[in-house]
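> Need the 3D shape of this:
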Amino acid sequence: MKTLAFLLLMTLSAAAAVGESFSDPAMEARARDLQRQLRCLVCQGESIDESGADFAADMRHLVRTQMAEGKSDAQIQDYLVARYGDFILMKPPVQPNTWLLWLAPFVVLGAGGAVAWVTVKKAAAAKG
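As a prediction, the model looks like this:
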């Protein structure tokens with residue numbers, strides 16, 4: 001029980017110690033770089049670094065807290081991917097479960113081109 005209380009106090013003190021920015025410029029640059037690689041799930045087109053959503057603010061705080069605890073960028077990203085899926089990454093990896101994310105723009109473009117081609121062919125055949 002004492003160990004649990006100690007861990008809780010350590011977690012709370014680490015969270016309280018993390019502010020909006022690090023005093024160390026290298027840590028601040030690392031935090032901003034990592035935050036630019038993570039998508040705001042509310043805004044979807046913005047990173048958590050540039051988003052003003054409450055979710056993004058919570059994620060920025062989480063990233064900075066984990067950095068203050070000594071976790072690496074990969075560990076932080078792995079934690080967030082496990083929690084929110086690959087969509088949290090601004091550049092999700094190309095793998096079978098993300099093919100739709102990568103291929104959807106090309107499929108839509110191809111479908112639009114096919115519709116335009118059929119429309120032009122029908123118009124040409126009608127003129128005759």
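> rest of the way, CA atoms for contacts and neighbours
Noted.
> Beyond the least confident helix or strand in the chain by mean pLDDT, next helix or strand please.
One helix or strand of the chain scores below all others by mean pLDDT, DSSP states H and E: helix 2-17, with a mean of 45. Per DSSP states H and E, the first helix or strand lying C-terminal to helix 2-17 is helix 25-36.
> Any chance you could list what contacts that following helix?
By Cα atoms under 8 Å, 6 or more residues apart in numbering, the residues outside helix 25-36 that reach it are 21-22, 47-50, 60, 63-64, 67, 73, 90.
> and if you look at stretch 41-52?
By Cα under 8 Å, 6+ apart, stretch 41-52 touches 32, 35-40, 53, 55-57, 59-60, 88, 90.
> Could I get the phi/psi values of residue 47?
When read as degrees, to the nearest 10, the backbone of residue 47 gives phi -80, psi 170.
> Next: residue 38.
phi -110, psi 130.
> my read: it touches residue 90, true?
Yes: between residue 38 and residue 90 there is a contact under Cα atoms under 8 Å: 5.3 Å.
> who's more crowded, the two?
Set residue 38 next to residue 90 and count neighbours by other Cα atoms under 10 Å: residue 38 wins out with 27 against 18.
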